[in-house]
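[1] This is a predicted model, with the sequence first.
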Amino acid sequence: MAKNFVTRDEDYSQWYNDIVIKADMAETSAVRGCMVIKPYGYAIWEMMQAALDKMFKDTGHVNAYFPLFIPKSFFSKEANHVKGFAKECAVVTHYRLKNDENGGGIIVDPDAKLEEELIVRPTSETIIWDTYRKWVQSYRDLPLLINQWANVVRWEMRTRLFLRTAEFLWQEGHTAHATKIEAEQEARKMLDVYAEFVENFMALPVRRGVKSENERFAGAENTYCIEALMQDGKALQAGTSHFLGQNFAKAFDVKFLSKENKLEYVWATSWGVSTRLIGALIMAHSDDSGLVLPPKLAPFQVVIIPIYRDDEQMLSVVQSAKKLKDLLVKHGIRVKLDDRDTQKPGFKFAEHEFKGVPIRLALGPRDLENNTVEIARRDTLTKEIISIDGIENIVIDLLNTIQSNLFNKALKFRDENTYEANSWDEFKDIIENKGGFVSAHWDGTSETELKIKEETKATLRLLPLDYGENEEAGKCIFTGKPSKGRVLFAKAY
RNA sequence: CGGGGUAUAGCGCAGUCCGGUUAGCGCACCUGCUUUGGGAGCAGGGGGCCGUAGGUUCGAAUCCUACUACCCCGACCA
């Protein structure tokens, strides 16, 4: 176990904070509620961005950039949208500072008040749809398939690094379509893209579903989501994809002439994932020795640590280590050679272990003599000495093994912590004493959903995609009224 | 926004009740020697407007007042 590091059992939330800080991913900043993402944390984000961006491009999307500031009047055009975000908006009211004549330092110049206040975007639907109005005239202009990588601000009272901060980084896709069916398919398609990313790259299994009316995005007709289970038994929403209907098209008057020469409103979607995924990544796989990263997202997949006693040994060992690195890099592996002479090997072992590097190779004088290398895997914390011949294939295989091992472990955990509840007592017992996902019958009303939340703190995470279509009908565990099917509850982040 | 707490070196803390030498400890940092296959040892060294502003006093980290910031627990959220 790592030094000065709390275990998950002792204090899960302290454990999480310690990983973020001690693995050098992020820290709190001088600005309330905002974090500094440090190079190692940002490198993970860049890995995520690269993978997602490719998936977006492969599904026909292109990137663009829209303004950080949104005129207040735009914001109020879609009633539900304002209602959802009004409480957490940062507002720009002035555009100039000046020196205080009374010696009070720099003050806001009261003469520089903006005619119209600007909202710092909490999401960009409004500014984007105001722009799309100008871009769309004909069905020939559709579909518009655009994504933007950006920062957004939601003024949160209580924050946690990566999981909830006032400013965060994300991507938001905003698409416009000629038909309802096409927009609905787009929203579903992007949900699948997210699920595929989280499962394949983050090695984290997800449940796909639909949000209840209560949890739906402000301004959406329908919100699809993926939910993942963390090691403490709490669910985390890993991504959302919204079918926006014609709500924003109507609010911003975005119309097109159809093939039949009829003027129609366009159909919309939006979808996003954020740096919160880094929080999910940490909580899904890490252990009491620190961060554990899936090979596909690890900034370094392999770290090589040279071991030597004197300068002469250092020379030959480091030289061999460099050759080893070059060989692995040639095979497309991300490798760090930690040849710092200022730290001892033991220190480096501990450091890279804490930072979650999937594979460690240690190379010393004995290895040079015997043509061997010590190979250690982060996910199982096991190590062995192997022949260095064909090391590149062994590493490639092991990276794949680790990736699937992490997924399988997370899947097993998820399945073992998914329960069916058939009575209210059973439901309460599972939520209070076990945690995890609870599949239960529900009468379909917001009222019941809220009461369940009030009494147990569990929220309705999702309705399965085939909700209402399957044969199993039952009675709501809370009210006993008829249910169209089981839905998933959990305590959530 | 409610309830509770904290503020002293880069980080973590002691000292504060009961005012009195030059404000201390651990980690980290710097220098040297010995070390190096799982977080090295010894010796020496540097670093402080004790959160801010006022007050009481011969004298304040310590007592009083106000302010500010941060943390934890609740309601909201990706």
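    Perfect, I can see it now. Numbers count the residues shown, from 1 in each chain, chains lettered A, B, ... in the order given.
[2] Which residues outside stretch A:363-380 are in contact with it?
    A:285, A:292-293, A:304-309, A:313, A:316-317, A:320-321, A:324, A:353, A:356-362, A:382-389, A:391, A:394-395, A:398, A:402, A:405-406, A:409 (Cβ atoms under 8 Å, 6 or more residues apart in numbering). From N, CA and C alone the C-beta is placed, and that goes for glycine too.
[3] Now narrow those to whatever sits close to RNA strand B.
    When contact is defined as Cβ under 7 Å from any atom of the strand, these meet RNA strand B at A:307-309, A:353, A:360, A:362, A:383, A:385.
[4] Now do the helix or strand hosting A:Lys250: which elements does it pack against?
    Of the helices and strands defined by DSSP states H and E, A:Lys250 is found in helix A:247-252. Counting contacts by 3 or more Cβ pairs under 8 Å, 6 or more residues apart in numbering; DSSP states H and E, helix A:247-252 is packed against helix A:79-85, helix A:125-135, strand A:267-274.
[5] Next up, the contacts around A:Ile386.
    With the criterion set at Cβ under 8 Å, 6+ apart, A:Ile386 makes contact with A:372-375, A:394.
[6] for RNA strand B, what are the nearby residues on the stretch 251-400 of chain A?
    Counting by Cβ under 7 Å from any atom of the strand, the positions of the stretch 251-400 of chain A adjacent to RNA strand B are A:274-276, A:289, A:307-310, A:344-347, A:349-351, A:353-354, A:360, A:362-367, A:373-374, A:376, A:381, A:383, A:385.
[7] Drop anything exposed from those residues.
    A:274-276, A:289, A:307-308, A:349-351, A:353-354, A:360, A:362-365, A:367, A:373-374, A:376 (16 or more other Cβ atoms under 10 Å).
[8] all helices for the stretch 251-400 of chain A, in order.
    Defined through DSSP state H, counting those that start in this stretch, the helices belonging to the stretch 251-400 of chain A, from first to last, are A:276-285, A:311-330, A:345-354, A:365-370, A:391-416.
[9] Sort out which residues of the longest one are buried, please.
    Okay, so that is helix A:391-416. Judged by neighbour count (16+ other Cβ under 10 Å), helix A:391-416 contains these buried residues: A:391-392, A:394-396, A:398-399, A:402-403, A:405-407, A:409-411, A:413-414.
[10] Which helix or strand lies directly C-terminal to it?
    The C-terminal neighbour of helix A:391-416 among helices and strands, as given by DSSP H and E, is strand A:418-420.
[11] Tell me the helices and strands packed up against the helix or strand just after that following strand.
    Past strand A:418-420, further along toward the C-terminus, the next helix or strand under DSSP H and E is helix A:424-433. In terms of contacts (3+ Cβ pairs under 8 Å, 6+ apart), helix A:424-433 is packed against strand A:437-441, helix A:446-456, strand A:486-490.
[12] The last one near RNA strand B at all?
    Put plainly, it is strand A:486-490. No. With Cβ under 7 Å from any atom of the strand as the criterion, RNA strand B is not reached by strand A:486-490; the gap is at least 12.7 Å.
[13] Which elements pack onto that strand?
    For strand A:486-490, the packing partners by 3+ Cβ pairs under 8 Å, 6+ apart come out as strand A:222-229, helix A:424-433, strand A:437-441, strand A:459-464.
[14] one step back: can I get the helices of the stretch 251-400 of chain A in CSV with mean pLDDT?
    Conversion of these to CSV gives the following (pLDDT from 0 to 100):
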stretch, mean pLDDT
helix A:276-285, 95
helix A:311-330, 96
helix A:345-354, 96
helix A:365-370, 96
helix A:391-416, 98
